[in-house]
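In: pasting a predicted model and its sequence here:
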Amino acid sequence: MPTAPLDPKVFLQLDGYLEPNASAIVKRYDEFRKWKDTIEQYEGGYDGFTKGYLKFGFNVAKDGAVVYREWAPNATEANLIGDFNEWSRTSHPMKKDEFGVWEITVPPASPGVCAIPHDSKIKISMMLPSGERIERLPAWIRRVTQDLSVSPVYDARFWNPPESQTYKFKNARPPKPTNVRVYEAHVGISTPEGRVGTYKEFTRNVLPRIKDLGYNVIQLMAIMEHAYYASFGYQVTSFFAASSRYGSPEDLKELVDTAHGMGLTVLLDVVHSHACKNVLDGLNQFDGTDHLYFHEGARGRHDLWDSRLFNYSHHEVLRFLMSNLRFYMEEYQFDGFRFDGVTSMMYKHHGIGTGFSGGYHEYFGDAADIEGIVYLMLANEAIHDLYPNAITIAEDVSGMPLLGLPVNMGGVGFDYRLSMAIPDMWIKLLKHKSDDEWNLGNIVHTLTNRRHGEKSIAYCESHDQALVGDKTLAFWLMDKEMYTNMSDLTEMTPVISRGLALHKMIRLLTHSLGGEGYLNFEGNEFGHPEWLDFPREGNQNSFHYARRQWNVVDDPLLRYKYLNNFDRAMNHLAAKYGWLDSPQAYVSLKNETDKVIVYERAGLLFVFNFNPTKSFTDYRVGIEEPGEYHIVLSSDEKDFGGFDNIKLESRFFTTPMEWNDRKNWLQVYIPARTCIVLAK
């Protein structure tokens, strides 16, 4: 049955300002409908279409026969070569069909015994019309390894472990999380030692920390295999291969399964916005042409990233990318994705040299890349159709309207968008403004300025800001004193006192006011003392900064533990009261003179005093619900590196009189640079 057309009323009810662009949104949806109906007609719908990995690449039958298929229309001849046939370019010829797909079946060595040994090296050898011979790593290969002592070029491996060595999942996926609190992590840097960490170490050492801190979602970066470690995982060479730097595919399965057993949801950071331009071990010029998976010429190249750009209007490219998502959901049991570089996919200019003013003509005019947007619509709808509990998050700087609405409402289909303006705001404030120059109105506006009906994930600092050349929030706040004054045996200097106080306040304000989800990059929760810098030529390939120094938070004498304790308390409080799932906060006070912010959300009253010097006794704040209130969190507790000036056992009673547009008021004691949360 053909997909029904879109009625503009469904999105205009949410945002009337879209009226002038309604026809562009409907046109975009019509393109999506065409694709969806084509997939339905020729591929048996999303379910069949996204199982490309069961047709392409290597698949082993029960009897031990191996079927290998590869799309390479430009090749005139193809042969499967590898350790198994002593790299003979003639012994295993492949046959080509009318769609340019090559195929071979390698019969079993003996009944039930595969002729290609597990973990042996393998390649496809092809002849081009010019008479040139090229050799490539199979595009759908599930395991590639790199031996840097020999060459940086990857080897493809035939991954087919015996039954006894295949990881068996024990735990069901947890229910879809509400109140999403995301811990963004990179397996390789997750050890305090100067080397690449492993999946097994992450499972053993880091998962319990994440659970203890009260996060309920993990977002894993740099899993899809990438040529260059320092690219942070953003130059993918083999899309179906989980990075071998950290261990085997079975180790990654164990990581995801163990997280599920702890009730944690696991998302994969997926890079479908571009691909590494490597030819010998990437997709570039796979069949000798410029335009197999990518656009040819300038349209297929990203000037800033020096990488290749997918042609989202090609049937086989859609199969490859959508099957890639399904593969990680099935094979590794991931629960969803954070899509990287969505801005680059949705605009022909890729966001290069473009500032977005928020004018709607920027989103729906000639600059919009309909093919890229339609791919995201198809990917999101397919994931949510096949896995109703899956979560997808968009990394988009442009503020594209409807990004976080279901596809059948004219949206792009993401569950959440990252609020990328928030970390920028905090860094700018700490870089350029003294504390008394902070404009609370601007801060509140940035934290609450989000599209109606679409969910946002707020964060104080991103992984990019942890990289060398920039600084983390803790570093901006405390800088060199972190090396000399973070021990409880040293005096609490004004710099450290301010740093600890503001670090906690910034995080709680962002967490409770900024969105419908919260994200933290690993280590930042305890004010990680140093930036992140991967081994590269510029630093003599040093691992000194490509690690997380858990030792400083585990040392009972150091003050990092206070920030860690506060992060834990804040997350567990969010879980208990569910503020991330509650309607946006009602802000009743932004007092620029006193530097006080007051708001209510999820039945809680939040009071922040950003004043660097003034404490207020009997400070009157408005509140809607009458009753008796008590403190459920105070940033001034000793456990959080505070001064214990606030009595936690205090009780507060409302007076039924209007104050700041609220029906009641109560009075609180709020010392300089502290925040408190009150509950009934």
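Out: Happy to help now that I have it. Residues are numbered from 1 along each chain as shown.

In: how far off centre is stretch 278-286?
Out: 26 Å (C-alpha atoms, centre = their mean, to the nearest Å).

In: what does that stretch contact?
Out: 72, 134, 136-137, 139, 144, 153-154, 227, 237-239, 275-277, 292-294, 308 (C-beta atoms under 8 Å, 6 or more residues apart in numbering). C-beta: built from backbone N, CA, C; applies to glycine.

In: same deal with stretch 29-46?
Out: Under C-beta under 8 Å, 6+ apart, the answer for stretch 29-46 is 2-3, 5-6, 49, 315, 318-319, 322, 370, 374, 377-378, 381-382, 385-386, 407, 410.

In: now do stretch 116-129
Out: 58, 66, 70, 72, 74-84, 89, 94, 102, 106, 133-138, 141, 143, 155-162, 287-288.

In: list the buried ones in it?
Out: Neighbour counts over stretch 116-129 (16 or more other C-beta atoms under 10 Å) mark 116, 120-128 as buried.

In: what's the span of that stretch, first residue to last?
Out: By C-alpha to C-alpha, to the nearest Å, the extent of stretch 116-129 from end to end equals 29 Å.

In: a markdown table please, covering the buried residues of stretch 116-129 and showing pLDDT.
Out: Converted to a markdown table, the buried residues of stretch 116-129 look like this (pLDDT from 0 to 100):
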| residue | pLDDT |
| --- | --- |
| 116 | 98 |
| 120 | 98 |
| 121 | 98 |
| 122 | 98 |
| 123 | 98 |
| 124 | 98 |
| 125 | 98 |
| 126 | 98 |
| 127 | 98 |
| 128 | 98 |
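
In: would you map the helices across the stretch 251-400 of the chain?
Out: Along the stretch 251-400 of the chain, counting by DSSP state H, counting those that start in this stretch, helices occupy 315-331, 342-346, 361-364, 370-386.

In: which of these sits closest to residue 190?
Out: Closest approach to residue 190 among the helices of the stretch 251-400 of the chain (C-beta to C-beta): helix 315-331, 19.8 Å.

In: top helix in the protein by residue count?
Out: helix 22-43 (DSSP state H).

In: check the offset of the helix or strand just after it from the chain's centre.
Out: The helix or strand immediately downstream of helix 22-43 is helix 45-49, counting by DSSP states H and E. For helix 45-49, the distance from its own C-alpha centre to the chain's C-alpha centre is 25 Å (C-alpha atoms, centre = their mean).

In: report the buried residues of helix 45-49.
Out: Buried, per 16+ other C-beta under 10 Å, within helix 45-49: 46, 49.

In: could you give the average pLDDT over it?
Out: For helix 45-49, mean pLDDT is 98.

In: can you name the next helix or strand after that helix?
Out: strand 57-60.

In: other residues contacting stretch 249-259?
Out: Outside stretch 249-259, the residues touching it (C-beta under 8 Å, 6+ apart) are 142-143, 159, 161, 165-167, 169-171, 187, 198-200, 202-203, 207, 218, 223, 242, 246, 265-266, 331-334.

In: swap the cut-off to 6 Å and go again
Out: Stretch 249-259 is contacted by residues 167, 169-171, 199-200, 202-203, 207, 218, 242, 266, 332-333 when judged by C-beta atoms under 6 Å, 6 or more residues apart in numbering.

In: likewise for stretch 653-664?
Out: 588-589, 622-624, 626, 628, 665-666.

In: what subset of those is buried?
Out: Judged by 16+ other C-beta under 10 Å, buried ones among the contacts of stretch 653-664: 588-589, 622-623, 665-666.

In: where strands are concerned, which of those residues count?
Out: In this view, these that belong to strands under DSSP state E are 588-589, 622-623, 665-666.

In: still on that earlier bit, quick check: the farthest pair among the buried ones among the contacts of stretch 653-664?
Out: Most distant of the buried ones among the contacts of stretch 653-664, by C-beta to C-beta, are 589 and 666, 12.9 Å apart.

In: now the helices for the stretch 451-600 of the chain?
Out: Under DSSP H, counting those that start in this stretch, the stretch 451-600 of the chain gives helices at 463-466, 473-478, 494-513, 550-554, 560-577.

In: how about residues contacting the least confident helix or strand in the chain by mean pLDDT?
Out: The weakest-scoring helix or strand in the chain, judged by mean pLDDT, DSSP states H and E, is helix 463-466 (a mean of 80). Contact with helix 463-466 is made by 472, 521, 531-532, as judged by C-beta under 6 Å, 6+ apart.

In: go again with 7 Å.
Out: 184, 221, 423, 427, 472, 521, 524, 531-532 (C-beta atoms under 7 Å, 6 or more residues apart in numbering).

In: now render the helices of the stretch 451-600 of the chain as JSON lines, adding mean neighbour count.
Out: Shown next, in JSON lines, are the helices of the stretch 451-600 of the chain (neighbours: other C-beta atoms under 10 Å):
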{"stretch": "helix 463-466", "mean neighbour count": "20"}
{"stretch": "helix 473-478", "mean neighbour count": "22"}
{"stretch": "helix 494-513", "mean neighbour count": "23"}
{"stretch": "helix 550-554", "mean neighbour count": "17"}
{"stretch": "helix 560-577", "mean neighbour count": "21"}
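
In: any chance of JSON lines for these, columns distance to residue 261?
Out: Output for those, formatted as JSON lines (distance: least, C-beta to C-beta, whole Å):
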{"stretch": "helix 463-466", "distance to residue 261": "26"}
{"stretch": "helix 473-478", "distance to residue 261": "32"}
{"stretch": "helix 494-513", "distance to residue 261": "26"}
{"stretch": "helix 550-554", "distance to residue 261": "22"}
{"stretch": "helix 560-577", "distance to residue 261": "18"}
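
In: confidence-wise, which of these is weakest overall?
Out: That would be helix 463-466, which, of all these, carries the lowest mean pLDDT at a mean of 80.
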